[in-house]
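S.K.: pasting a predicted model and its sequence here:
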Amino acid sequence: MRRLVLTAGVLALSAFSAAADVAVRVTYLRHEQIRPPVLSNLDEVPADLGVAGAELAINDSRTTGKFLGHTYDLTLVSVPPEGDLIAAARTALGETRLVVLDMPGAEMLAVADLPEAAGALLFNATQADPALREQDCRANLLHTLPDQDMRADALMQFVAARRWTDLALIEGTHPGDQAWAQALRDSARKFGLKIGAEKTWAFDADMRRNASQEVPLFTQSLGKYDLLLVADELGDFARYIPFNTWLARPVAGSVSLVPVAWNRVMEQWGAVQMQDRFRALAARDMLPEDYASWAAIRALSEAATRTSSADPATLRAYILSDAFELAAFKGRPLSFRPWNGQLRQPIALVSGEAVVAQAPLEGFLHQRNELDTLGRDLPETRCEAFQ
């Protein structure tokens, strides 16, 4: 087990001696994974993915906390693939009950169900599986990474606005690909769109050399469509699809036009300053998991600032209340859905070097919050733990 501790200095100022002393101690608990092989290594997964976002959030929180007499500490616990995650989780929960989780969904649930996690406040910063927010939800587990339903709805709002009503779909064989494909199907149906022909990508040939020959033949049988959806969560084959299809049609989903929580090309609403601070810290661009980790700790910081408390129950109650708002460089305040613990947030639709649009799009209305047009709304939820 590898452990890195980031500690705050003496932050309380004498001018604020009357302020309540609040010590917010957060653990980032990671179970390292062996990533399946892919055709191209152009998009290498950073070793500090997610962790760097948490570090930036702690730094940001310390900046404001020092004026209030609040301190923020971050501990990284990184468990090797063959390590004992549950033992590490028990130890971490014995030291603090505020934990950001970076591991597969089934392991998140196992941690959330530990007796030591009773009364803890956990954050999912890396898993997009909608089931974690729905039938498998846990009252002590909140979610700052948008789920696949939210991302799919963002894309389908754009598709519906463009009146591309006939769609085709290519999905990979990895479980993540299949889950993303299902989210796209569900969202298409939600917005009155039709996915016609579908095919599964099962090639094991090197597309770097023969994509221009193989992809046209593979897509010829899809027939006519307005838009081709590609479900490739691993980033294995999607990059070889655009401009190689039999029909000259736009591509979206996992390539070309992609719905994301965060991307380096986001520049509005102070995002440039956020990107610059992250690059100075990590020497790379911020990725969605980094943003989700940042949002988790900043949510804790905002709640601690407003309540002058580090108690998990107090923080949770405030975070899920109507009073909570998180300024997060997306043009509108973010908040948590009290029925399943998911962070409401706009989703950017990114193509190459630009943001094409940001959902929710104009015209997609909601009786309470337009952000709830993305993902499972209250009448649709199957989560019972928050009721």
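M.R.: Right, received. Where do you want to start?
S.K.: which residue is the nearest non-sequential neighbour of A168?
M.R.: Excluding the flanking residues, the one nearest A168 by C-beta to C-beta, 6 or more residues apart in numbering is Y225, at 4.0 Å. Placement of C-beta: from N, CA and C, glycine included.
S.K.: for the residue lying closest to V111 once chain neighbours are set aside, give its distance to G192.
M.R.: Excluding the flanking residues, the one nearest V111 by C-beta to C-beta, 6+ apart is A89, at 4.6 Å. As judged by C-beta to C-beta, to the nearest Å, A89 and G192 stand 44 Å apart.
S.K.: okay, these two: which has more neighbours?
M.R.: Legend: neighbour count by other C-beta atoms under 10 Å for A89 and G192, higher for A89 (28 against 9).
S.K.: which SSE is the more buried one in?
M.R.: For A89, the host element (DSSP states H and E) is helix 85-95.
S.K.: outside of that helix, which residues touch it?
M.R.: With contact meaning C-beta atoms under 8 Å, 6 or more residues apart in numbering, helix 85-95 is reached by 1, 25, 27, 29, 31, 75, 77, 79, 99, 103, 107, 110-111, 114, 116-117, 120.
S.K.: can you rerun that using 7 Å?
M.R.: Contacts to helix 85-95, defined as C-beta atoms under 7 Å, 6 or more residues apart in numbering, come from residues 1, 27, 29, 31, 77, 79, 99, 103, 107, 110-111, 114, 116-117, 120.
S.K.: which members of those residues are positioned in strands?
M.R.: 27, 29, 31, 77, 79, 99 (DSSP state E).
S.K.: quick one, which of these are buried?
M.R.: Neighbour counting by 16 or more other C-beta atoms under 10 Å classes 27, 29, 31, 77, 79, 99 among the ones in strands among the contacts of helix 85-95 as buried.
S.K.: could you export the ones in strands among the contacts of helix 85-95 to TSV, including columns for pLDDT?
M.R.: What follows is the ones in strands among the contacts of helix 85-95, written out as TSV (pLDDT from 0 to 100):
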residue	pLDDT
T27	98
L29	98
H31	98
V77	98
V79	98
V99	98
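S.K.: ok, so of those residues, who is nearest D311?
M.R.: Checking those against D311 by C-beta to C-beta gives V99 as the nearest, at 14.7 Å.
S.K.: so how far is L326 from Q178?
M.R.: Distance of Q178 to L326, given as C-beta to C-beta: 32 Å.
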